[in-house]
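Student: Next come a sequence and a model predicted from it.
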Amino acid sequence: MQTAVLERSTIVRRGQRLEYFTIAWNLLEGLAALIAGAMAGSISLVGFGIDSFIEVTSGSALLWRMAVDSDVHRRQQNEKRALKIVGVCFLALAAYIAYESVSDLWFRRAPERSVLGIVLACLSLIVMPVLSRAKRRVGVALGSAAVNADAKQTDFCMYLSAILLIGLLLNMFFGLWWTDPLAALVMTPIIAKEALEALRGNACEDCRPSLQ
(Lines give C-alpha, C1' and ligand atoms only; values in the text may rest on other atoms or scores of the structure.)
Protein backbone atom coordinates (compact mmCIF):
# COMPACT_ATOMS: atom_id res chain seq x y z
CA MET A 1 0.00 0.00 0.00
CA GLN A 2 2.77 2.41 0.99
CA THR A 3 4.65 1.59 -2.22
CA ALA A 4 1.56 2.34 -4.32
CA VAL A 5 1.11 5.69 -2.58
CA LEU A 6 4.74 6.63 -3.22
CA GLU A 7 4.48 5.55 -6.86
CA ARG A 8 1.29 7.56 -7.33
CA SER A 9 2.99 10.57 -5.75
CA THR A 10 5.85 10.26 -8.24
CA ILE A 11 3.42 10.15 -11.18
CA VAL A 12 1.53 13.16 -9.80
CA ARG A 13 4.77 15.15 -9.67
CA ARG A 14 5.49 14.10 -13.26
CA GLY A 15 2.04 15.33 -14.24
CA GLN A 16 2.64 18.62 -12.46
CA ARG A 17 5.87 19.15 -14.40
CA LEU A 18 4.02 18.50 -17.65
CA GLU A 19 1.36 21.05 -16.74
CA TYR A 20 3.97 23.67 -15.77
CA PHE A 21 5.58 23.12 -19.17
CA THR A 22 2.17 23.32 -20.86
CA ILE A 23 1.39 26.64 -19.21
CA ALA A 24 4.78 28.19 -20.02
CA TRP A 25 4.77 26.94 -23.61
CA ASN A 26 1.22 28.07 -24.31
CA LEU A 27 1.74 31.51 -22.84
CA LEU A 28 4.64 32.09 -25.24
CA GLU A 29 2.91 30.34 -28.15
CA GLY A 30 -0.35 32.20 -27.59
CA LEU A 31 1.33 35.58 -27.47
CA ALA A 32 3.31 34.87 -30.66
CA ALA A 33 0.21 33.55 -32.47
CA LEU A 34 -1.94 36.54 -31.52
CA ILE A 35 0.74 38.97 -32.70
CA ALA A 36 1.26 37.07 -35.96
CA GLY A 37 -2.50 36.70 -36.46
CA ALA A 38 -3.17 40.39 -35.87
CA MET A 39 -0.44 41.35 -38.34
CA ALA A 40 -1.67 38.91 -40.99
CA GLY A 41 -5.41 39.16 -40.33
CA SER A 42 -5.57 35.38 -39.95
CA ILE A 43 -8.47 33.82 -38.05
CA SER A 44 -6.64 30.49 -37.85
CA LEU A 45 -3.63 32.16 -36.22
CA VAL A 46 -5.76 34.20 -33.81
CA GLY A 47 -7.83 31.13 -32.99
CA PHE A 48 -4.63 29.19 -32.49
CA GLY A 49 -3.43 31.84 -30.05
CA ILE A 50 -6.70 31.82 -28.13
CA ASP A 51 -6.54 28.03 -28.01
CA SER A 52 -3.13 28.38 -26.38
CA PHE A 53 -4.53 30.64 -23.66
CA ILE A 54 -7.46 28.28 -23.15
CA GLU A 55 -4.90 25.51 -22.64
CA VAL A 56 -3.29 27.69 -19.97
CA THR A 57 -6.63 27.70 -18.12
CA SER A 58 -6.96 23.95 -18.57
CA GLY A 59 -3.38 23.39 -17.41
CA SER A 60 -3.98 25.52 -14.31
CA ALA A 61 -7.06 23.43 -13.47
CA LEU A 62 -5.00 20.26 -13.80
CA LEU A 63 -2.26 21.67 -11.57
CA TRP A 64 -4.88 22.23 -8.91
CA ARG A 65 -6.30 18.76 -9.48
CA MET A 66 -2.87 17.19 -8.88
CA ALA A 67 -2.11 19.41 -5.91
CA VAL A 68 -5.13 17.95 -4.10
CA ASP A 69 -4.62 14.38 -5.33
CA SER A 70 -3.50 13.22 -1.87
CA ASP A 71 -7.00 14.00 -0.52
CA VAL A 72 -8.36 10.51 -1.21
CA HIS A 73 -11.85 11.20 0.15
CA ARG A 74 -12.43 14.16 -2.16
CA ARG A 75 -10.41 12.88 -5.12
CA GLN A 76 -13.43 12.00 -7.28
CA GLN A 77 -15.14 15.30 -6.50
CA ASN A 78 -12.01 17.25 -7.41
CA GLU A 79 -11.64 15.14 -10.56
CA LYS A 80 -15.15 16.08 -11.69
CA ARG A 81 -14.52 19.77 -11.04
CA ALA A 82 -11.30 19.75 -13.07
CA LEU A 83 -13.01 17.83 -15.87
CA LYS A 84 -15.82 20.38 -16.05
CA ILE A 85 -13.32 23.24 -16.28
CA VAL A 86 -11.60 21.49 -19.20
CA GLY A 87 -15.02 20.94 -20.83
CA VAL A 88 -15.87 24.64 -20.53
CA CYS A 89 -12.50 25.46 -22.10
CA PHE A 90 -13.38 23.21 -25.04
CA LEU A 91 -16.74 24.97 -25.46
CA ALA A 92 -15.15 28.41 -25.35
CA LEU A 93 -12.70 27.43 -28.06
CA ALA A 94 -15.38 25.89 -30.30
CA ALA A 95 -17.67 28.91 -29.97
CA TYR A 96 -14.93 31.41 -30.77
CA ILE A 97 -13.62 29.54 -33.80
CA ALA A 98 -17.12 28.97 -35.20
CA TYR A 99 -18.07 32.65 -34.89
CA GLU A 100 -14.88 34.07 -36.34
CA SER A 101 -14.61 31.52 -39.14
CA VAL A 102 -18.17 32.07 -40.36
CA SER A 103 -17.68 35.82 -40.08
CA ASP A 104 -14.50 35.73 -42.18
CA LEU A 105 -16.10 33.53 -44.83
CA TRP A 106 -19.20 35.75 -44.98
CA PHE A 107 -17.29 39.02 -45.27
CA ARG A 108 -14.51 37.47 -47.38
CA ARG A 109 -11.74 38.72 -45.09
CA ALA A 110 -8.51 37.46 -46.59
CA PRO A 111 -5.45 36.96 -44.35
CA GLU A 112 -2.01 38.17 -45.34
CA ARG A 113 0.96 35.83 -45.65
CA SER A 114 2.61 34.95 -42.35
CA VAL A 115 6.05 33.33 -42.18
CA LEU A 116 5.96 33.63 -38.38
CA GLY A 117 2.69 31.70 -38.34
CA ILE A 118 4.19 28.92 -40.44
CA VAL A 119 7.21 28.61 -38.15
CA LEU A 120 4.95 28.60 -35.08
CA ALA A 121 2.74 25.86 -36.52
CA CYS A 122 5.79 23.72 -37.34
CA LEU A 123 7.17 24.05 -33.80
CA SER A 124 3.80 23.12 -32.34
CA LEU A 125 3.61 20.03 -34.54
CA ILE A 126 6.90 18.89 -33.01
CA VAL A 127 6.12 19.62 -29.35
CA MET A 128 2.40 18.82 -29.01
CA PRO A 129 2.45 15.08 -29.91
CA VAL A 130 5.21 14.40 -27.37
CA LEU A 131 3.41 16.38 -24.68
CA SER A 132 0.07 14.71 -25.38
CA ARG A 133 1.51 11.19 -25.13
CA ALA A 134 3.21 12.04 -21.83
CA LYS A 135 -0.04 13.46 -20.40
CA ARG A 136 -2.01 10.44 -21.54
CA ARG A 137 0.39 8.08 -19.76
CA VAL A 138 -0.07 10.07 -16.55
CA GLY A 139 -3.85 10.11 -17.01
CA VAL A 140 -4.02 6.35 -17.45
CA ALA A 141 -1.71 5.69 -14.50
CA LEU A 142 -3.82 7.90 -12.23
CA GLY A 143 -7.16 6.81 -13.70
CA SER A 144 -7.88 10.51 -14.31
CA ALA A 145 -10.49 11.56 -16.86
CA ALA A 146 -9.46 15.19 -16.37
CA VAL A 147 -5.82 14.53 -17.28
CA ASN A 148 -6.95 12.47 -20.27
CA ALA A 149 -9.23 15.31 -21.42
CA ASP A 150 -6.33 17.73 -21.08
CA ALA A 151 -4.26 15.39 -23.27
CA LYS A 152 -7.05 15.52 -25.87
CA GLN A 153 -6.95 19.30 -25.73
CA THR A 154 -3.23 19.09 -26.47
CA ASP A 155 -4.12 16.80 -29.40
CA PHE A 156 -6.48 19.50 -30.69
CA CYS A 157 -3.65 21.99 -30.50
CA MET A 158 -1.66 19.61 -32.69
CA TYR A 159 -4.56 19.21 -35.16
CA LEU A 160 -5.09 22.97 -35.28
CA SER A 161 -1.37 23.38 -35.95
CA ALA A 162 -1.60 21.04 -38.95
CA ILE A 163 -4.74 22.76 -40.27
CA LEU A 164 -3.18 26.16 -39.66
CA LEU A 165 -0.01 25.18 -41.51
CA ILE A 166 -1.94 23.83 -44.52
CA GLY A 167 -4.14 26.92 -44.66
CA LEU A 168 -1.24 29.35 -44.43
CA LEU A 169 0.78 27.51 -47.08
CA LEU A 170 -2.16 27.33 -49.49
CA ASN A 171 -2.79 31.03 -48.98
CA MET A 172 0.89 31.90 -49.41
CA PHE A 173 1.53 29.92 -52.59
CA PHE A 174 -1.90 29.78 -54.24
CA GLY A 175 -3.82 32.71 -52.79
CA LEU A 176 -6.61 30.48 -51.50
CA TRP A 177 -7.72 32.84 -48.71
CA TRP A 178 -10.83 30.86 -47.80
CA THR A 179 -8.77 27.85 -46.70
CA ASP A 180 -7.80 29.74 -43.53
CA PRO A 181 -11.28 30.21 -41.98
CA LEU A 182 -12.56 26.97 -43.50
CA ALA A 183 -9.70 25.01 -41.97
CA ALA A 184 -10.49 26.44 -38.55
CA LEU A 185 -14.22 25.75 -39.00
CA VAL A 186 -13.58 22.07 -39.70
CA MET A 187 -12.37 21.59 -36.13
CA THR A 188 -15.42 23.19 -34.47
CA PRO A 189 -17.83 20.20 -34.27
CA ILE A 190 -15.01 17.89 -33.13
CA ILE A 191 -14.03 20.24 -30.32
CA ALA A 192 -17.69 20.76 -29.34
CA LYS A 193 -18.23 17.00 -29.14
CA GLU A 194 -15.24 16.61 -26.84
CA ALA A 195 -16.55 19.49 -24.72
CA LEU A 196 -19.85 17.68 -24.16
CA GLU A 197 -18.03 14.44 -23.39
CA ALA A 198 -15.88 16.20 -20.78
CA LEU A 199 -18.86 17.95 -19.18
CA ARG A 200 -20.67 14.60 -18.96
CA GLY A 201 -17.62 12.97 -17.44
CA ASN A 202 -17.12 10.60 -20.38
CA ALA A 203 -13.66 11.75 -21.43
CA CYS A 204 -11.64 8.79 -20.28
CA GLU A 205 -13.07 5.49 -21.51
CA ASP A 206 -9.57 3.99 -21.64
CA CYS A 207 -8.46 5.19 -18.21
CA ARG A 208 -8.21 2.63 -15.46
CA PRO A 209 -7.19 3.65 -11.95
CA SER A 210 -4.06 1.50 -11.78
CA LEU A 211 -2.75 3.46 -8.78
CA GLN A 212 -5.06 4.25 -5.90
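Tutor: On my side now, so go ahead. Numbering: from 1, shown residues only.

Student: pLDDT-wise, which helix or strand of this structure ranks last?
Tutor: helix 179-200 (a mean of 81; mean pLDDT, DSSP states H and E).

Student: Which secondary structure elements does that one sit against?
Tutor: In terms of contacts (3 or more CB pairs under 8 Å, 6 or more residues apart in numbering; DSSP states H and E), helix 179-200 is packed against helix 43-67, helix 75-107, helix 145-174. Using the backbone N, CA and C atoms, a C-beta is placed for each residue, glycine as well.

Student: So which of these is nearest Leu125?
Tutor: helix 145-174 (4.9 Å; CB to CB).

Student: Now do that closest one against helix 75-107, angle only.
Tutor: Interaxial angle, helix 145-174 versus helix 75-107 (axes from the mean of the first three to the mean of the last three CA atoms, to 10 degrees): 20 degrees.

Student: List the buried residues of helix 145-174.
Tutor: 145-161, 163-165, 167-172 (16 or more other CB atoms under 10 Å).

Student: Check which helices and strands that helix sits against.
Tutor: Helices and strands touching helix 145-174, by 3+ CB pairs under 8 Å, 6+ apart, are helix 2-40, helix 43-67, helix 75-107, helix 115-142, helix 179-200.

Student: how much does it deviate in direction from helix 115-142?
Tutor: 160 degrees.

Student: Now do the nearest residue in space to Pro129 that is not next to it in sequence against Cys89, distance only.
Tutor: Leaving aside its chain neighbours, Pro129 sits nearest to Met158 (5.7 Å; criterion: CB to CB, 6 or more residues apart in numbering). Spatial separation of Met158 from Cys89 under the definition CB to CB, to the nearest Å is 16 Å.
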